[in-house]
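Q: Below are the sequence and a predicted model; questions follow.
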Protein chains: 2
Amino acid sequence: MNKSNADQPIGVFDSGIGGLTVVRSLRQLLPSEDICYLGDEARYPYGTKSAETIRRYAHEDTEFLLDRGVKMVIVACHSASSAALPFLKKDFNLPVIGVIEPGARTAVATTRNKRIGVIGTAATISAGEYERAILSADSSVRVIAKSTPLFVPLVEEGWLEGSVTDQVIATYLTSLKEDKIDTLLLGCTHYPLLKPALAGFFGTGVKLVDSGDETARVALEILSKMDLLRSENRKGMSRFYLTDLSPNFRTVGERFLGSPIQDVTRVSVKYEA
Amino acid sequence: MNKSNADQPIGVFDSGIGGLTVVRSLRQLLPSEDICYLGDEARYPYGTKSAETIRRYAHEDTEFLLDRGVKMVIVACHSASSAALPFLKKDFNLPVIGVIEPGARTAVATTRNKRIGVIGTAATISAGEYERAILSADSSVRVIAKSTPLFVPLVEEGWLEGSVTDQVIATYLTSLKEDKIDTLLLGCTHYPLLKPALAGFFGTGVKLVDSGDETARVALEILSKMDLLRSENRKGMSRFYLTDLSPNFRTVGERFLGSPIQDVTRVSVKYEA
């Protein structure tokens, strides 16, 4: 592989279109960067699959982005960050960033009472990577982790508030409230859209940490250190590759991205084992 | 292909393990038949994917079952029945049964006031195959179709009753109640587990039609006509092939099957395009 240069795009992959919340964070912080996004909609979601299968998919997704000449790979999918990141770092010769570590670090820096709640899909929570990342940053923190599988379908259905959403939140998170957490780490790309409902449930005493924002910050840090930041006098472009165009990808995707999705190509990830 | 014989197994495929509710119906009605089940967990769910992608997957699943020497293929997945059945019937030289037609026929035979409600995933409902099948059986029926995307995650979470479930049901189905349907067709493998909650919401005036039971009846009919029914003096065996073993496939799967899952093999569907 030739040495990377600053004009190459940042690669981002996710199991679907939820990772567009990370693209949104990247665009805000790094507006001049080009972004190449792969959403593996055809095999969505990863969160319910085994670690072995998630690793295989993540490997194929990374190869796809490499073929598009990216200078860095961001694993926007929490399940893939959790199950596959060390393997990707070992197997590929470019910076690979996950969403776990950045969120965990910020949560530790945010908490005052050292009680951090972490929520995510069943796969993310049972993998325990957030817990490990938080404890390795500060072993005196108490981590209360809880899987909240219904949050993703609620967001995809567009039920971002209302009595069903409030009841699902209360069912999952009352124990975290009782445990008096002061920081809640949103361990899934979909969850930022539930911020208003979550803030309503917890009140102002609990800070919500969005892993997407924190991941964008780490990307800036690394690119800056490697002298790979793109010159700031131009606006970056985004290209979107999806392995399937589901009937509602545009409606849901634009909700995540916060703006219209242009330049979409349907692709096949051809590295199937 | 050689002529089929009665000792060959019945093949059943689904996007995941929801199709085990159809296996349960088959076992009750045809206890001496062997069953070969393929659950495409690695690419689950189909319901959110495009018709084109669902057709490709269904084709690969059918080939897999053919390689295991089945005498008939049952498409237990409603999204695949809806998007792919005519293509499978054309491309393969053995009886292929979907879950749409049998359920639709029974719903028409059940209704008194000619108002039938149909519920399913977004893909099943937007494909409109249930509606077409009902109207071609009786064009004077009024069909009220409604997609209910949160039912699948509710069932997988095991929230089969309780206030969240009741509210989700009310949110989706109050309009069907107001439309005075007397028959509700459960157009998704997962939904039979919500029967008690649905019956509670609708009361005794609405009959629930379970497509799985009706599909088993049609399988019996066709095998009998083709002289392919297995002799009744032995107990049938079931083999389960899954393209992924997700952390909770056993817990959730046994809820669907109604008995322990034995003889499970993890396989790869190797016909990826």
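A: On my side now, so go ahead. Numbers count the residues shown, from 1 in each chain, chains lettered A, B, ... in the order given.
Q: Just give the closest residue to A:F201, not the sequence neighbours.
A: Excluding the flanking residues, the one nearest A:F201 by CB to CB, 6 or more residues apart in numbering or on different chains is A:I169, at 5.0 Å. Placement of C-beta: from N, CA and C, glycine included.
Q: And for A:K114?
A: With CB to CB, 6+ apart, the residue lying closest to A:K114 is A:V141, at 4.8 Å.
Q: Give me the phi and psi for the one you found.
A: phi -80, psi 140 (degrees, to the nearest 10).
Q: The stretch 51-200 of chain A: helices as residue ranges?
A: Counting by DSSP state H, counting those that start in this stretch, one finds helices in the stretch 51-200 of chain A at the ranges A:51-67, A:78-91, A:100-110, A:122-127, A:129-137, A:151-156, A:163-178, A:195-202.
Q: Next, the contact list for whichever residue of the stretch 51-200 of chain A sits closest to chain B, please.
A: Of all residues in the stretch 51-200 of chain A, A:P153 sits closest to chain B, at 4.3 Å by CB to the nearest CB. Counting by CB atoms under 8 Å, 6 or more residues apart in numbering or on different chains, A:P153 makes contact with B:149-150, B:152-153.
Q: Quick check: residues of chain A near chain B?
A: When proximity is defined as CB under 8 Å from any CB of the partner chain, chain A approaches chain B at A:41-44, A:48-50, A:53, A:122-123, A:126, A:149-150, A:152-154, A:156-157, A:159, A:163-164, A:167-168, A:171, A:244-248, A:268, A:272-273.
Q: now with 7 Å?
A: Counting by CB under 7 Å from any CB of the partner chain, chain A comes close to chain B at A:42-44, A:48-50, A:53, A:122, A:126, A:149-150, A:153, A:157, A:163-164, A:167-168, A:171, A:244-248, A:272.
Q: Kindly write the PyMOL command that selects the buried subset of these.
A: Here is the PyMOL command that selects the buried residues among those (16 or more other CB atoms under 10 Å in any protein chain shown):
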select buried, chain A and resi 42+43+44+48+49+50+53+122+149+150+153+157+164+168+171+244+245+246+248
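Q: where are the low-confidence patches of chain A?
A: The model of chain A has pLDDT under 70 over residues A:1-2, A:270-273.
Q: Apply 80 and report the result again.
A: Chain A contains residues with pLDDT under 80 at A:1-3, A:47-48, A:123, A:247, A:270-273.
Q: tell me, what residue is most central in it?
A: A:A76 (3.5 Å; CA atoms, centre = their mean).
Q: Enumerate every residue touching that residue.
A: Neighbour list for A:A76: A:12-14, A:19, A:22, A:99, A:189 [criterion: CB atoms under 7 Å, 6 or more residues apart in numbering or on different chains].
Q: swap in A:V99?
A: Residues in contact with A:V99 (CB under 7 Å, 6+ apart) are A:22, A:75-76, A:78, A:81, A:211-212, A:215.
Q: and the gap between it and A:A133?
A: The gap separating A:V99 from A:A133 is 11 Å, by CB to CB, to the nearest Å.
Q: for A:R255, same thing?
A: 28 Å.
Q: and the two? which has more neighbours close in?
A: A:A133 (23 against 18; other CB atoms under 10 Å in any protein chain shown).
Q: I'd guessed the more buried one sits against A:E101; true?
A: Yes - contact criterion CB atoms under 7 Å: A:A133 and A:E101 qualify, at 5.3 Å.
Q: Would you agree A:L220 is in contact with A:P31?
A: No - using CB under 7 Å, A:L220 is not in contact with A:P31; the gap is 11.2 Å.
Q: Between these two, which has more neighbouring residues?
A: A direct count of neighbours by other CB under 10 Å for A:L220 and A:P31 places A:L220 higher, at 15 against 12.
Q: The more buried one belongs to a strand, doesn't it?
A: No - using DSSP: H, G, I helix; E, B strand; the rest coil, the assignment for A:L220 is helix, not a strand.
Q: Could I get the contacting residues of it?
A: By CB under 7 Å, 6+ apart, A:L220 lies in contact with A:29-30.
Q: With adjacent residues omitted, what lies nearest to A:G103?
A: That would be A:S211: by CB to CB, 6+ apart, it lies 3.3 Å from A:G103.
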